[in-house]
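*Asks:* I would like to see how this sequence folds:
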Amino acid sequence: MAALVPYAPCTTPSQRFRIEQWIPHLHERGIEVRVLPFAGPVLTRWMQSPGHVLRKASFAAAAVARRTGRIAFGRLGDVVLIHRAAALFGPPVLERLLTLRGRPLVFDFDDAIFLPHETETNRRLAWLKSPGKTGTICRLSAHVVVGNGYLAEYARGFNPRVTIVPSSIDTDRYAPRPCATGGKVVVGWMGTSSSQTYLEVFAGMLREVAALPGVEIRVISNRRPELPGVPVVWHPWSAGTEAEDVAGFDVGIMPMPDTDWARGKCALKGLQYMAMGVATVASAVGANREVIEHGRNGLLASTDAEWVASLRTLVENPELRARLGRAGRVTVEARYSMRSSAAAFAEVVRSVVERTRA
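*Replies:* From the prediction side, this is the model:
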């Protein structure tokens, strides 16, 4: 099976916590996967940083040419997996070409990519993403795989064969560590520069939390956060140390605005915290409400006042932090482990192959 993914391997969360980490488990089930990125390492790096508009455009054009040639003439296997889109830009021409070659498509996405969404990093190129093509790709596909119920509702408007397979966690790597005693209570956030804009919206709330006695606000990301008036400890993100970085949190936070785009987000940050046994507080938005049962395996908050109250309670109550952390770990092991998601995805691939051969 050829897996057409947007970016170079090991660079973006959606690929890493879905397709890439499932590959060994798919192999165990007799499904061989070749990952074919649209963007190479250089274009991937430029796409994740501002500027370089002309370079991005020239490298993207070359990537389209390579992708077209591979789809038209290359070996693709029995099934073709498309993660998010066959190309970063433009209409679904390549997806149509795949169907002309008679290849059944499995279409996987974990964000509301059918909605316009632009970041400061690539604002000038946002119009090229063609978010409307998502519905067309759903129609062209033999099966659609999505990360949560909100995305499934959208996909079923175009294709009846839709399966929810959540983004998942390697529970061997993300395993609870012994907790340090004493010192400050670390309220932590980890993510990418694009999702960090959500955190920065909550600067006012974080100022109140940072003023609580014995609290440290810690951010792990690939750019320094812009949080005026918030004393924050920032560490650069690294894939090699992200599990250990989360282990240093006493409380993990996932604040998000209640927008259509945010409702389509999978609860990956929260799952990372929960897998490590870290007490988690998340906005009561989208998939967070599917994952967290308030008061049992984490806390949900809808207003700044609720956020401050929840975090104050956790800061002052280490027993509650420990209880929520243990329950969060159980939740991830039961419903969001890498192995269970890979097994569910393998069943989708098998069903597509069987229907094609029937």
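*Asks:* going forward, measure contacts and count neighbours with C-alpha atoms only.
*Replies:* Fine.
*Asks:* low pLDDT regions in the stretch 51-200 of the chain?
*Replies:* Scanning the stretch 51-200 of the chain with the threshold set as pLDDT under 70 gives 51-52, 117-129, 180-182.
*Asks:* Which parts of it are strands?
*Replies:* Using DSSP state E, counting those that start in this stretch, the strands of the stretch 51-200 of the chain run over residues 80-83, 105-109, 143-146, 162-164, 185-190.
*Asks:* right, so of the ones you listed, which gets closest to H27?
*Replies:* If you check each of the strands of the stretch 51-200 of the chain against H27 by CA to CA, strand 80-83 wins as the nearest, at 14.9 Å.
*Asks:* mind listing what that closest one pairs with, with the direction of each?
*Replies:* strand 2-5 (parallel), strand 105-109 (parallel) (DSSP bridges).
*Asks:* Return the distance of G183 relative to P213.
*Replies:* 11 Å (CA to CA, to the nearest Å).
*Asks:* between these two, which one's more packed in?
*Replies:* Of the pair G183 and P213, P213 is the one with more neighbours under other CA atoms under 10 Å, namely 12 against 9.
*Asks:* what about the strands in the stretch 201-350 of the chain?
*Replies:* Along the stretch 201-350 of the chain, the segments classed as strands by DSSP E, counting those that start in this stretch run 215-221, 232-236, 251-254, 279-283, 299-301.
*Asks:* Please produce a markdown table containing these, extended by mean neighbour count and distance to E347.
*Replies:* Below are the strands of the stretch 201-350 of the chain laid out as a markdown table (neighbours: other CA atoms under 10 Å; distance: least, CA to CA, whole Å):
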| stretch | mean neighbour count | distance to E347 |
| --- | --- | --- |
| strand 215-221 | 21 | 35 |
| strand 232-236 | 16 | 38 |
| strand 251-254 | 26 | 31 |
| strand 279-283 | 27 | 31 |
| strand 299-301 | 23 | 33 |
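*Asks:* so which of these comes closest to S337?
*Replies:* strand 279-283 (17.4 Å).
*Asks:* Put together CSV for the strands paired with strand 80-83, with mean neighbour count and distance to G147 on each row.
*Replies:* Shown next, in CSV, are those (neighbours: other CA under 10 Å; distance: least, CA to CA, whole Å):
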stretch, mean neighbour count, distance to G147
strand 2-5, 22, 16
strand 105-109, 25, 7
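*Asks:* Make JSON lines out of those strands and add distance to R326.
*Replies:* Listed next are the strands paired with strand 80-83 as JSON lines, based on distance: least, CA to CA, whole Å:
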{"stretch": "strand 2-5", "distance to R326": "35"}
{"stretch": "strand 105-109", "distance to R326": "30"}
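*Asks:* number of nearby residues for the closest residue to A305 other than its chain neighbours?
*Replies:* Nearest residue to A305, sequence neighbours excluded (CA to CA, 6 or more residues apart in numbering): M205, at 7.9 Å. Residues near M205, counting by other CA under 10 Å, number 18.
*Asks:* Contact partners for M205?
*Replies:* D304, A305, W307, V308 (CA atoms under 8 Å, 6 or more residues apart in numbering).
*Asks:* Let me see the domain layout of the chain.
*Replies:* Under automatic domain parsing, the residue ranges defining each domain of the chain are 2-168+337-357, 185-335.
*Asks:* Determine which of these approaches C179 most closely.
*Replies:* Proximity to C179 (CA to CA) singles out domain 185-335 among those, at 8.1 Å.
*Asks:* returning to that earlier point: in CSV: the domains of the chain, plus distance to A175.
*Replies:* Below are these laid out as CSV (distance: least, CA to CA, whole Å):
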stretch, distance to A175
domain 2-168+337-357, 12
domain 185-335, 5
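*Asks:* Please name whichever of those domains is nearest to P178.
*Replies:* Taking CA to CA, domain 185-335 is the member of the domains of the chain nearest to P178, at 8.7 Å.
*Asks:* rewinding a little: gap between the residue nearest to A305 and E306?
*Replies:* Look at M205 and E306: by CA to CA, they are 10 Å apart.
*Asks:* what touches both of the two?
*Replies:* Here M205 and E306 share no contacting residue, scored by CA under 8 Å, 6+ apart.
*Asks:* Number of residues surrounding the nearest residue to A239 once chain neighbours are set aside?
*Replies:* Computed as CA to CA, 6+ apart, the closest residue to A239 that is not its neighbour in sequence is C10, at 7.9 Å. Per other CA under 10 Å, the neighbour tally for C10 reads 14.
*Asks:* and C10, helix, strand or coil?
*Replies:* Going by DSSP: H, G, I helix; E, B strand; the rest coil, the secondary structure assigned to C10 is coil.
*Asks:* all numbers from here: first residue = 49
*Replies:* I'll keep to 49 as the first residue from here, and by that count the last item is C58.
*Asks:* Perfect, that will be all.
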